[in-house]
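J.: here are the coordinates; sequence isn't available:
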C-alpha cells in the first residue's frame, strides 16, 4: 500500500518528506514525481511505510496539517489507472485529410 501526499510545496525534498513521515513509523520509500518536460516537482508524492498501521497513523495525523505553508492532502493512494496511449483517445482512426484513392 502507498500513501498519496498532495498540495506539497515545490521546494520539498525526499529527505524532508521522509523525516515528517518517520514520526509515524519506518519509511520504506518516497517518490516525488517530476514533470517530464520541465523537471520541476509536480506538487505531490507517494510514501510507502513498513506497515498498514503506520500508514493509517500518518494519514490521520497529517491529512489537513500545514507544512511548509501549505495544507497537506494525505490519503491512501489509489491504484494507477491504465490510460492507454498518451494521445488521449485510443484508436479513433481517420483524420489527416489524406485520401489514398486520389493519386
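T.: Structure received. Quantities reported herein were computed from a predicted structural model and do not represent experimental measurements.

J.: buried sites along the strand or helix carrying residue 59?
T.: Residue 59 belongs to helix 52-62 when assigned by DSSP states H and E. Across helix 52-62, burial judged by 16 or more other C-beta atoms under 10 Å covers 54, 55, 56, 57, 58, 59, 62. Backbone N, C-alpha and C define where each C-beta goes, glycine included.

J.: of all the residues you listed, which comes closest to residue 43?
T.: residue 62 (15.8 Å; C-beta to C-beta).

J.: for that closest one, what are its contacts?
T.: 5, 20, 21, 24, 72, 74 (C-beta atoms under 8 Å, 6 or more residues apart in numbering).

J.: what segments of the protein are helices?
T.: Along the chain, counting by DSSP state H, helices occupy 14-22, 52-62.

J.: what about the last one, average pLDDT?
T.: Rounded to a whole number, the mean pLDDT of helix 52-62 is 97.

J.: do the same with the shortest one
T.: Mean per-residue pLDDT for helix 14-22: 97.
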